[in-house]
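Enquirer: Have a look at this fold, sequence not included:
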Ligand code: HEC
Ligand code: HEC
Ligand code: HEC
């Protein structure tokens, strides 16, 4: 009954809002319609925009609604097939959104609690993120590193420098400067997001036109630029003081949870770093607190903190990072 309304309501309302953005969204699929019963207005549910952007370029949305209702697992597999077999380009985030959308509009609700059916639950994210994770098998990792190095030299070194230190030939004229990729541990999620979307408000472009395999190789390669000895373990030392200072000074932009979600964040481009997805080395955080990040809202705070307070903050901001789970598999 609910699904019925999802299909029907938008149809009834459609003529009244003939010029709405939603119509523009699906305009491309409108041209190829032969069975107009529900295709003209795709059901509205979270993830619809990502679906329209990624899934109606090769075939019409009818392909989805011709299928029986699938459970989430099977939609994940179907979308995985679009990527692996047919070469559809998607970021991990889009995968979550699209699978969530497909389950909502043409899926079987799981028997468990409603929470499990929400897109982006931990379980679903891990399975989907796996498509962008370096394989564990050393042979495949080596292949990824080799391909990633080629791609990096061709596409990234001009800005980020041959060894990723942010000192490429174009770097002096860019603000903010290209990131030094050797001083931060990046999660797979962050890298997929950044490669797919670029960083708004900076010279960092989007790389959607690269094949999924190549994006995967770049993820592996960029992670390898951060030396293992740079992964100084986040220390809980002084974390009470760090927590206090962070709440006073940094949370206004980076959010109380360090995830970049704050009222101010919405007004800043580039946005404040989400510290759950990347872990800067302590020495680099110290440098950022001293000099700020020129060309962004991140302020220089050279004289604001005593040395021990700076160290406490540097330790504290590193505790937000969500360690990858791949090691316990
Ligand atoms: C690069 C082109 C391309 C893109 C992008 C694409 N598909 Fe497909 N899709 C195909 C091809 C090719 C087939 C097989 C066509 C056939 O058998 O007639 C297909 C078939 C399907 C089918 C039928 C079942 C099956 O397994 O063959 C479904 C469902 C489907 N696609 C869903 C999606 C969804 C959801 C997306 C967005 C994530 C998407 N497609 C994006 C190329 C694409
Ligand atoms: C035209 C210059 C340019 C090119 C080419 C470029 N980048 Fe960037 N990149 C930047 C800039 C500038 C930033 C800094 C953005 C900021 O400070 O928010 C950046 C940031 C990044 C970040 C860090 C994002 C974050 O949130 O901390 C990663 C990772 C990255 N780039 C990877 C790559 C990879 C991989 C390539 C090649 C496929 C590439 N970049 C190509 C300019 C470039
Ligand atoms: C006015 C808003 C604002 C405040 C206050 C602020 N930040 Fe930032 N911060 C930013 C923005 C915006 C960026 C993103 C810079 C970029 O994209 O390169 C950032 C980036 C960072 C980075 C990552 C730099 C990089 O290149 O990846 C660190 C570490 C950081 N901030 C720490 C802090 C700490 C610690 C405090 C408090 C002492 C703080 N910030 C306060 C806005 C702010």
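Expert: Structure's in. What do you need? None of these values were measured; they are calculated from a predicted model. Ligands and ions are numbered 1, 2, ... in the order given.
Enquirer: pLDDT of stretch 77-84, averaged?
Expert: Per-residue pLDDT over stretch 77-84 has a mean of 86.
Enquirer: Which positions within that stretch qualify as buried?
Expert: Residues 79-80, 82-83 are the ones in stretch 77-84 that count as buried (16 or more other Cβ atoms under 10 Å). Placement of C-beta: from N, CA and C, glycine included.
Enquirer: Which ones among the residues you listed lie within helices?
Expert: In helices, defined here by DSSP state H, the members of the buried residues of stretch 77-84 are 79-80, 82-83.
Enquirer: Return only those of those residues found close to ligand 1.
Expert: 79, 82 (Cβ under 6 Å from any ligand atom).
Enquirer: Tell me who's in contact with the residue in the stretch 51-200 of the chain positioned nearest to ligand 3.
Expert: Going by Cβ to the nearest ligand atom, ligand 3 is nearest to residue 176 of the stretch 51-200 of the chain, at 4.8 Å. Residues in contact with residue 176 (Cβ atoms under 8 Å, 6 or more residues apart in numbering) are 202, 270, 293-296.
Enquirer: Look up how far residue 164 lies from it.
Expert: 16 Å (Cβ to Cβ, to the nearest Å).
Enquirer: and if you look at residue 66?
Expert: From residue 66 to residue 164 the distance is 46 Å (Cβ to Cβ).
Enquirer: More neighbours: those two, which one.
Expert: residue 164 (22 against 10; other Cβ atoms under 10 Å).
Enquirer: so can I have a markdown table of the buried residues of stretch 77-84 showing distance to ligand 3?
Expert: Formatted as a markdown table, the buried residues of stretch 77-84 follow (distance: Cβ to the nearest ligand atom, whole Å):
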| residue | distance to ligand 3 |
| --- | --- |
| 79 | 30 |
| 80 | 31 |
| 82 | 32 |
| 83 | 29 |
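Enquirer: Looking at the residues you listed, spot the one nearest residue 97.
Expert: Nearest to residue 97 out of the buried residues of stretch 77-84 is residue 79 (Cβ to Cβ; 10.5 Å).
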